Each structure stands twice: as structure tokens, then as C-alpha cells.
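Enquirer: Sequence first, predicted coordinates after that:
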Number of protein chains: 2
Amino acid sequence: MPAIYEQLCFITKRLEKHLHEMQDFEFTVQKGELFLLQTRTAKRSALAALRCAADMVHEGLISKTEALQRVKPEQVSEILSPQLDLSDLDVAPLARGLPASPGSAVGRIALTADRAVSMAGKGRENPIILVRQETVADDIHGMEASVGFLTAHGGATSHAAVVARGLGKCCITGANAVVVNEQTRTVKISDLLLREGDWLSLDGLSGQVFACKVPLRAGSLHNGTLHEFLGWAQCVGTTPIRANADTPADAERARRAGASGIGLCRTEHMFFAPERLEWIRAMILTQDPDQRQQALNHLLPMQKADFEALFRSMDGLPVTIRLIDPPLHEFLPRLEEIDERLRRAHQRGLHVGEIASLEGLRARTRDLQETNPMMGHRGCRLGITHPEIIVMQVRAILEAAIAVQRRGVRTVPEIMVPLVAGVNEVRAMRKLVDETAEAVFAELRQSTQYKFGAMIELPRAAVCAGPIAKEVDFLSFGTNDLTQMTFGFSRDDARKYLDAYIEAGILNKDPFITIDREGVGALMQMAIERARDANPGIKIGVCGEHAGDPESIEFLETLDLNYLSCSPARIPAAQLALARTAIAGEAHAATVVPMETRQETLGIAM
Amino acid sequence: MPAIYEQLCFITKRLEKHLHEMQDFEFTVQKGELFLLQTRTAKRSALAALRCAADMVHEGLISKTEALQRVKPEQVSEILSPQLDLSDLDVAPLARGLPASPGSAVGRIALTADRAVSMAGKGRENPIILVRQETVADDIHGMEASVGFLTAHGGATSHAAVVARGLGKCCITGANAVVVNEQTRTVKISDLLLREGDWLSLDGLSGQVFACKVPLRAGSLHNGTLHEFLGWAQCVGTTPIRANADTPADAERARRAGASGIGLCRTEHMFFAPERLEWIRAMILTQDPDQRQQALNHLLPMQKADFEALFRSMDGLPVTIRLIDPPLHEFLPRLEEIDERLRRAHQRGLHVGEIASLEGLRARTRDLQETNPMMGHRGCRLGITHPEIIVMQVRAILEAAIAVQRRGVRTVPEIMVPLVAGVNEVRAMRKLVDETAEAVFAELRQSTQYKFGAMIELPRAAVCAGPIAKEVDFLSFGTNDLTQMTFGFSRDDARKYLDAYIEAGILNKDPFITIDREGVGALMQMAIERARDANPGIKIGVCGEHAGDPESIEFLETLDLNYLSCSPARIPAAQLALARTAIAGEAHAATVVPMETRQETLGIAM
């Protein structure tokens, strides 16, 4: 049937040329006649899709704009992160959780942060996967020592998830089948009992957990094609994208990823290093103002050094620094841990003074415990009751800025107050910041510019955004907390019913991953309108995790924002999502038919 | 100086006639000339103010409308509740907390609910004041046995405060100087160590705590003048006022107080009686659907009997029943308590099976624990994951309605779903309710009318009130939770910073007591507009504690509501506040000068 073969070649070439995409055809030949049954864009791996699109640009077949539309942001994330290679294996997943941070991880189980550090210290037991019921701020050293995290509780914005995305590590949260027993150093996953040191593999794309050592295919971070492709995305005029970065190392990573600044530096993350935690605890535990000031004086040079390094890394780019946010008890050990230490102290017959000091720690920890810490004594509320902490932080920021400016670094620090509910808190905090600035400038006989802003993360702040906007230079939406309060969904607990909600069709998506347009989005829209009315020159950004989610970006791009800010690891995909949204917007304006509608199902006889 | 005396009589009579109020004058005579320095409305006790106003009506000096303006709602609360008589005593308050429920109480200290019950059982140790760090749902039997509550933590809408107002008992919360030690059965208040059985006196007006037995002046509940006066208030055309009432006894009290219905019956309060708690716990602890249904089958007739009694008490008046609201772990003992029981079980060498069952209880309790229970698995979220509980409750409501209707009682139950975030939950719950109703009607071969409504207590529900309104017959604002989520203030923890906020002028008032007009109020206004646009026939009420606060009522009356609903004990004062607001509104419309501006400070020579 050479004639029919020629006819097939003719048709398929024409279709590929017409559709500008590699096609997957179905055809039949009946009684010497060719029937083309279907044509659709061929399925390829993420890397193949990228290469194919780039090649077609190089061959002049499609424009760069068209190439950008052919690779999905999720495919970029996939290319960038290591993947489990399950191709030669016949293993079933042991459990499943929420894929909270992309990538994959293979390593040996550690059940506490301390164990993770000590196991990582011995080379033999590396790499480590930290498995916990849930992680807390105190676990940070163990998280740094591990390649991935698995938690029984938590959702897309629980502690483990947020830290994982920040560190660019794989994380699965809310894996209900996981039950950790720290005492016996075992973990039950579904029906299997595993010990510390056993191998575990996490698939951060699907949320699957495997109880064995699955081979890992490395991510293509240094892929030249990807680099070129992302360059095209950056050339599309979009909303600038910044990074959420807490440490100088984060900042370097952010800058390499093409971030146009830091949109969120969480200063409290700087407090968790052991030598600092000691002083922050001393500050919390004392009721004596002098001792408190002494502890803060110890912290000041440490924070200042961090800020100097941050400003140097981001020379010429904006850096937004959020003042202390979490409730103070997050810096203290857990009550059960103190009880355990007390029990052991009594057994060992410890010195009375040492027991008394443990009992003092216990009393203060208990005193600081809250029924609902997310709605507790945190954010700017700490600034109102403990202004001395804010003064120390502002002093560290401004002294650092002046110090690096003296060495030629260009920086204008942006000081941001979290969790404001209304204009009066903003006024009180601005007064504190401005007064501290004046004092610092007088002492150093040099001044620096700085900006003052507030986070909009409480529904009341969204409603009152007009008056708030008049008092600030910028606003930044903390969409994680705003989602939490608007829905009344505790992000640490919501997994228990969110799955049922999605299954029942009550929610389409997890609102902590993809922004809820109808509720949270409507509040944002209202807030932005009111803020711009009250202060037309105001800068407005988003620094919640939604800023790194491609689907949320589509919506956020309709909001007239000045910047988005997400984890460094999510910047490439977010950059592509922004470019695609911009291109789609222009295509729509020119009523060009979008790519997708060209993919037709054909059933014609020819 | 008889001439001057005559002159004084002439002037003061004229002033009293002009100002229509008993005056407190200051004058001087210099060189034979009378100078009147000042005149102002004389200060009187609440009871004197009431008698004076009523007498002036009887004497034809002022109208009933004017009389209503002369007695403040707070004075009515004062008249109705017992007061500490400190006149002959020279005692200083030992501590101070938030006056969370009016009235006063004198009694002997009990430090646990069980002790309160056992002490109250022995006549000698009565009356009881329950002193706790904070109360939980489990303490209800002890609260019923006590005359007043004092807690170290909590605010105006913490558990103790809400229960106290419901029971019409005095309560002081957030008394930070109180440290309870259950083990030694002692409580340290400021620097004084007290034991169970020691006397304590609480002043619910000022929040003061006295460490002795202060004499008590009874409240004038059966005061004829007050009764007549409140009748005048009821004659002013205002928004109807209903009661928040959970038990038949509450309902009787509500009806006597002039409630026009029940606006909020919290069905879970019915579960806390010991013989019911057993079954609700059985339902929670089992994972087996059959066993769960069996437990629910035991609860059904108990709930049904309660509803029958409620409907009978409120014959002819509306009764709104809220489906189960709190997270399930509130029905389980606290983890520490279970641990203590386990410890004792091991010591006593208890049977292995009994220890295993305690360990099962512990595991399930731990499993249900939440980091932020207020934003946890509660309200309609329970209805989505555990529809069988809702089916039981709806069945009990409708079977009860039909049973009493057969005996001639007129009732149309209003079934209300708490904590909805959007329209999809409302649709799912309505489907469940309607299907259950159909099943009940088919079984009983009789039907009854019922209404279906939703609570607006999450910011998202306020934003999405339009679509929600289309699916319901009525909406009711839960302003306690709405305040909590809008501010992101945990009502159990907020005392730690609320006082500092009020002191610093950041807040004028505790927003859990007086509604926040700018934030929460603006959300309510928006929700009402959207709801009435979408469903013009909809009925909208408020059932949060703000509905009983005179100052909040002034604002709520601007919102176009169909009813307000508050604790029975607060109805008389709320009724007066409503009447005064209505009168002030009319006075304003006719530009009549309000009473207050007539109270001038004079300094003229005559």
C-alpha cells in the first residue's frame, strides 16, 4: 500500500505543521481506503517536552512565546527535582500522604531531629529521612541534616511543608498511616513495623511512600536547555518574582534562580541555631527587664551579621524582613520533654537548684501554652507587649544596612510587621520603628532609607486595608494565614477533613495549595481596591506559598500586584507560570485561538 | 437669709422642672448674693433610679418613653443580680479578673467539678464557688452544683463565661493571679494560699475577688416596679429578642424573661449528663459503623425527649436548634486524666483488658487532639465526615416536633448548621436534613414543617453569604466565632494581650464583649446586603453574646435584622437597650435634643 503510506505521510505532516506539535495519530485502512481516526499532541516526559519545544524554536518552527506555552510549570518542577526511578522495580507504595514539597528522597529513617543529626554525622547512615508525627520549630537542625521529611499530620502549609520548600527538600505530610514511637525507636507505616536506620523512599510528586531503597534519577538543575528556556520566560514582561529566603544561603539560591529580591525573610528562623536558642530562651524565661535586655543584647550582633550577609547577597535588590512572628512558646522545649527531664533529674538525684530551674522552665512553658496558638500571642501582638524585641530587631536591620552601605552595597531594607488586625497596631509599630531608627542614626551619625510595611493575613486587616494603607509604604498578603482564618481551617489539623471535603466535591482543591478565589481571593481583591484608593503609590505583594503555585498565579495575576514571593525552589516554575499567564492574556486580547483548542479529536474519512 | 432660701427653692424647682430630673446642686452665698455653681443629674443607686423614673411616670411628670431613657440597661442587670454588700466591711480585693457574667457569688472553694458536686451534696459546705485554671465541657456537672466560677484563664466568651451567662451565674475569668493546684487541693491567689472549703466572694460587676465571706444583697428579680418598667420597654416596637437556651429549664426561664423564642439551642450541651456522655464516648471511640449506630440509637430517645420538652415550653414560639458544634475530643476526658488513671491502674495491678481499654481511650483521645481546636474538626465539618450524627439529631428534632404537635403544641423547628464556610457545605447538609425528614415522615406517616438555616461565623461565610442565602430559610450570625476568626484572636487565649491592647488604646473595648463595628460589623453588613439581595424573604438573626450587650445592640439595630438572641439572664437589659435605641432613633429623626445634652454644668450668677 505505498500510495496509502504516502497519503498518510502527507496528511500527518500537514497536521503537524498545522498544529505546530508532535502528534500521536490513530488510523485504519479499510478496503484500500485510509481513515484517520484521531490525532492528539503526543505524550512525552517533561524533559522531552522541553527539548522538543526548544528544538522547534532553534529550527524556526515556532516562536519562543509558543515554546513557553508548550511546557507546563509542573514539568519544570519535575525536571528540576530528583525522581524515583520505579521502572525496573515491582514495589507497591506502603502509604500515601500529601505531596507537600516536590522532588523525591531516598534515605534511612530517623525519628527525632537529634537522631537525624547524629546519624548524618556518621557517614554510614546517610542520607537521612526524618519521620515525625509532625515537626516543630525545634526540629530545624534535624531537618537540615535530612534529605526529606515524612509526617503523619499536617497539610500543605504545616511546619514541615514550609521548611521543606524553603530548603528545596522533598516532603510528604498528612500520611495518616504513619505512627511514630520515639521510645521504641520504631515507626509503624500501615501494617509494617520499621526501625530507625531502615530505608525509605518518598515520591514527592505523588505522595507515595516506599519501604525500600528505590534508585534515584537526579534532577537536571544544570540543564543548559532549561536555562535557555527559563531565560525566554524571564523576557516576557510579568510581575516580578521574589524569593522567601531566611538565610544568606537561601538568598544565594534565590539570586541564582533569578529572584528579583527577597519578599519574605522570616527573622525567627535565625533564632533556632543552638547558640542563639539559648539566648532567646533566656530572654523568654526571665521576668526581669534588665536580664531580658541583656539576652537581647546577645542576640543583636547575631541578627545583625545575618542581615549584613543577606543585604550583601541581594546587593541592588529589595529585601523585605518580617519582624518576629511565632508565639514565644515555640522557642521553648515541649512540656512532655521537660517532664521527662524532670523525671530523670529526680531519679539521678540532681542538685536541688537544677531541679528548681527545670521546674521554673516548666512553669513558664505551661504559662505560655495556648489553646489555639495560631490565633494566639504572636505577630505584632508580641511587638505591643514586648517592644524590646522589636527594638532589637529593627536596630539589627538598620545597623546592618548602614554597615554594608559603608562598603558600597546598595540596599533599602523593607521592615514588615506581621499579623496586624487594624490601623492602630500599624501606627504603634511604625512609631516604634521610626523612633528606633532615629536613635540608631544618631548613634552611628549616618542614616539609611528604609520602608515600612504590614502583612495582610487576617480577615480584619483585609476589611480595614484602606486606613492601614495610609500608614505604610507597602503591604504583603500572607495568604497561608489569610486562608486559615477566612475558612477557620487550622492548617495543622485540617487534613482530617480536607480529604473528605475534596472527595465529596465540597472543595475542588486544597485551599492551602491553590488559592480560593471565591472567598480568600474576594477578600484580597477588596483589600487591594481599598488600599490603592487610600494610597495610590503603595506597593502590594503576596508572600504566601500560593505565590509559587502555577494555578494560583493565574488568579493572582488579575489582582494588580507589584510582586510575588515564593520559596527559591519554586521560582523557575512560577516564572514560567507568570510568562504563560501573560501570554495567554495577550492572546486573549488579540482573540488568537489558544493552543489547547487546536487539539481536536478527528474522525474523518479522507 | 430667708429671701435667699426662697430664691434657691425657686431656681432649683425651675431647674428640676426644666431638666425633668432630680438635680444635685452646688451653690454659694457671697455678700448676700446667691451663686448657683453647678447642677447635674443626681447620682442614685440603680434601684433608686428605677423607682424615681417609675414614680415620675405615675405622677404624670414624664412619659414612659422618657422613663425608659432614664434607666440604663446596666442598671437593670444590677438590680436583677445579687450584689456584694461591702458597706460595713473594710476588705481589699485579693485579685481582679474580667467580669464575665453579672451578679455576685459567695461560697466555699472547690477546685474540681467532682469536688464541687460532692461538697454541694453535703449541706454543710454549700454554696460552692468553682475555681479552675479554665473550665472545659467536662466540668458542666460541677458548674451546675456551684453558684459562681473563677478562672485563671479565658475571656468574655471562654467556656466558663458562656456557661455562666447561660445558667445566670456569676463568673470572673482571666484572673491571672489565680494558680490552682489540684493535687494539694490548694489555690494560690496573689500571695495568699487558700484551701478547698475556704470562703471566697466574687463581685461580678467589677471582677474583684475577696478572700472572705462578704454579705450578699439579693437581686430584685420579683420587683413589681421593674416588671412594670420592662413591660413599657416591651411595648416599644423593636427587633424581637430570643433566648439562647439549651435545656427545658433554660427555656422556662427564657419565656418568663419575655423571650420571643429560642434563637440558639446548643444540642451538645445535652450530651454532657453522665448517662449520655457514656454513649457519646462509645460513639466516638468505636471505629465500627454498627457499634457507632448502636450508640447513636441510645442517644436518640434522650435528645428527642429534650426537644419535646423544649417545644412544649416554647409552644407557639420559634425554636432554633443548632446541630452538633464542638470537636469530638471535647467529649473525651483530658489526656492527663487518662494518664493518671493508667498510672493508677498499673499500680493497682488492674486486669490486662481494662488497661488495654484505657490505652485504647488514650490512643483515640490523642488521635483527636488538635493544635488549634477552634479551627478544627467541628461544626458542619463533623456533619460531612460523620453524617450519622446529624441524621440522629435531625431525627430526634423532627420526631419530637411531630410527637408534641399530636398533643396540640404549635412548633416549627428551625434546624441550624454551624461553622459553614461556603455554599457547598450548606447544600450537602440540606440534602442530609431533607432526606432524613422524608424518611421520618414516611415512618411516622405524618410530617411537620421545618426551617433550615446556617450560621455565619466564618469570614468566608460572610463573603459568600449571597450564594448561601439562596439555599436556606434563615441565617444567624455567631458573632463570638466571627470575632475570633476576623481578628485571629483565640477567645481562650486573648486575655494575655487584650488588656495590653486596651491599655495602649489600640482597642477601645474587648471585641468579644462589644462588637467591633469597623471589622466584624463591616463584614456583617456586607453579608446581610448580599444575603437579602439573593433571597429577599430570608430571616436573619444574631445569636452571639453580643446580642445581649447594650452597646452592641445600638449597632446591631442599624443592621436590618429579624431577631437577636442572648442568654436568658441578659434579656431584660437587652430589651431595655433595644427600646432605648428605638427611642433614640425616633428622637434623632425628629431632631429632639437627647437627654444627655441637657445635663449641663452651670456657673452663672443670678
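Expert: Great, that's in hand.

Enquirer: any low-confidence regions in the stretch 151-300 of chain A?
Expert: A:166, A:220-222 (pLDDT under 70).

Enquirer: mind checking how far the lowest-mean-pLDDT helix or strand in chain A is from the chain centre?
Expert: The weakest-scoring helix or strand in chain A, judged by mean pLDDT, DSSP states H and E, is helix A:159-167 (a mean of 80). Put simply, helix A:159-167 sits 6 Å off its chain's centre (CA atoms, centre = their mean, to the nearest Å).

Enquirer: Next, the buried residues of it.
Expert: The neighbour-count check on helix A:159-167 (16 or more other CB atoms under 10 Å in any protein chain shown) flags A:His159, A:Ala160, A:Ala161, A:Val162, A:Val163, A:Ala164, A:Arg165, A:Gly166, A:Leu167 as buried. The C-beta positions use only the backbone N, C-alpha and C, and glycine is treated the same way.

Enquirer: do the same with stretch A:19-32
Expert: For stretch A:19-32, a neighbour-count test (16+ other CB under 10 Å) marks A:Leu19, A:His20, A:Glu21, A:Met22, A:Gln23, A:Phe25, A:Phe27 as buried.

Enquirer: on that earlier part again, quickly name whichever of the buried residues of helix A:159-167 is closest to B:Asp288.
Expert: Closest approach to B:Asp288 among those (CB to CB): A:Ala160, at 32.3 Å.

Enquirer: For the closest one, which non-adjacent residue is closest in space?
Expert: Of all residues not flanking A:Ala160 in the chain, A:Thr135 sits nearest, at 4.3 Å (CB to CB, 6 or more residues apart in numbering or on different chains).

Enquirer: got it, and A:Gln294?
Expert: A:Ala282 (8.0 Å).

Enquirer: Can you identify each of the helices in the stretch 201-350 of chain A by residue range?
Expert: Secondary structure of the stretch 201-350 of chain A (DSSP state H, counting those that start in this stretch): helices located at A:224-235, A:248-256, A:274-285, A:289-313, A:335-348.

Enquirer: Turn the ones you listed into JSON lines, including mean neighbour count.
Expert: Output for the helices of the stretch 201-350 of chain A, formatted as JSON lines (neighbours: other CB atoms under 10 Å in any protein chain shown):
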{"stretch": "helix A:224-235", "mean neighbour count": "17"}
{"stretch": "helix A:248-256", "mean neighbour count": "19"}
{"stretch": "helix A:274-285", "mean neighbour count": "17"}
{"stretch": "helix A:289-313", "mean neighbour count": "18"}
{"stretch": "helix A:335-348", "mean neighbour count": "12"}
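
Enquirer: Any regions of the stretch 451-600 of chain A where pLDDT drops low?
Expert: Counting by pLDDT under 70, the ranges of the stretch 451-600 of chain A that qualify are A:587-600.

Enquirer: where along it do the helices fall?
Expert: For the stretch 451-600 of chain A, the helices defined by DSSP H, counting those that start in this stretch occupy A:459-463, A:465-469, A:479-487, A:495-503, A:522-534, A:550-556, A:571-589.

Enquirer: circling back to that earlier point, format the buried residues of stretch A:19-32 as a markdown table; extra columns: pLDDT, distance to chain B and secondary structure.
Expert: Below are the buried residues of stretch A:19-32 laid out as a markdown table (pLDDT from 0 to 100; distance: CB to the nearest CB, whole Å; DSSP: H, G, I helix; E, B strand; the rest coil):
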| residue | pLDDT | distance to chain B | secondary structure |
| --- | --- | --- | --- |
| A:Leu19 | 78 | 38 | helix |
| A:His20 | 72 | 40 | coil |
| A:Glu21 | 73 | 37 | coil |
| A:Met22 | 75 | 40 | coil |
| A:Gln23 | 82 | 39 | strand |
| A:Phe25 | 85 | 41 | strand |
| A:Phe27 | 90 | 44 | strand |
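
Enquirer: biggest separation within those, which pair?
Expert: Using CB to CB, the buried residues of stretch A:19-32 span at most 20.6 Å, a distance reached by A:His20 and A:Phe27.

Enquirer: ok, A:Met416 touching A:Ser476?
Expert: Yes - taking CB atoms under 8 Å as the definition, A:Met416 is a contact partner of A:Ser476 at 6.1 Å.

Enquirer: any common contacting residues for the two?
Expert: Overlap between the contact sets of A:Met416 and A:Ser476, as judged by CB atoms under 8 Å, 6 or more residues apart in numbering or on different chains, is given by A:Leu264, A:Thr320, A:Gly453, A:Ala454, A:Met455.

Enquirer: returning to what we had before: by contact count, what packs against the least confident helix or strand of chain A?
Expert: Packing partners of helix A:159-167 (3 or more CB pairs under 8 Å, 6 or more residues apart in numbering or on different chains; DSSP states H and E): strand A:98-101, helix A:140-144, strand A:148-151, strand A:170-173.

Enquirer: The ones you listed: lowest mean pLDDT?
Expert: Here the lowest mean pLDDT among these goes to helix A:140-144, at a mean of 84.

Enquirer: Now do it: which elements does it pack against?
Expert: helix A:113-121, helix A:159-167.

Enquirer: The stretch 451-600 of chain A against chain B: which residues are in contact?
Expert: A:457-460, A:463-464, A:481, A:484-490, A:492-494, A:496-497, A:500-501, A:504-507, A:516, A:518-520, A:522-523 (CB under 8 Å from any CB of the partner chain).

Enquirer: Next one: the closest residue to A:Gly154 other than its chain neighbours from A:Leu150, what distance?
Expert: Of all residues not flanking A:Gly154 in the chain, A:Thr173 sits nearest, at 4.0 Å (CB to CB, 6+ apart). Relative to A:Leu150, A:Thr173 is positioned 8 Å away (CB to CB, to the nearest Å).

Enquirer: shared neighbours, the two?
Expert: Contact criterion CB under 8 Å, 6+ apart; residues shared by A:Thr173 and A:Leu150: A:Gly97.

Enquirer: list the contacts for the spatially closest residue to A:Ala145 that is not a sequence neighbour?
Expert: Here the nearest residue to A:Ala145 in space, its sequence neighbours aside, is A:Ala120; by CB to CB, 6+ apart that works out to 4.0 Å. When contacts are counted by CB under 8 Å, 6+ apart, A:Ala120 touches A:Asn126, A:Pro127, A:Ile128, A:Ala145, A:Ser146.

Enquirer: Return the per-residue confidence for A:Ala120.
Expert: Note for A:Ala120: predicted pLDDT of 82.

Enquirer: Based on its surroundings, how many neighbours for A:Pro373?
Expert: Using other CB atoms under 10 Å in any protein chain shown, A:Pro373 has 20 neighbouring residues.

Enquirer: tell me the pLDDT at it?
Expert: So, for A:Pro373, pLDDT stands at 91.

Enquirer: Return the residues in contact with the nearest residue to it once chain neighbours are set aside.
Expert: Among residues not flanking A:Pro373 along the chain, A:Pro327 sits closest, at 5.1 Å (CB to CB, 6+ apart). By CB under 8 Å, 6+ apart, the contact set of A:Pro327 is A:Leu368, A:Glu370, A:Pro373, A:Gly376, A:His377, A:Arg378, A:Leu382.

Enquirer: could those residues go into TSV alongside secondary structure and distance to A:Ala295?
Expert: Below are the contacts of A:Pro327 laid out as TSV (DSSP: H, G, I helix; E, B strand; the rest coil; distance: CB to CB, whole Å):
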residue	secondary structure	distance to A:Ala295
A:Leu368	helix	16
A:Glu370	coil	22
A:Pro373	helix	22
A:Gly376	coil	22
A:His377	coil	19
A:Arg378	coil	19
A:Leu382	helix	15
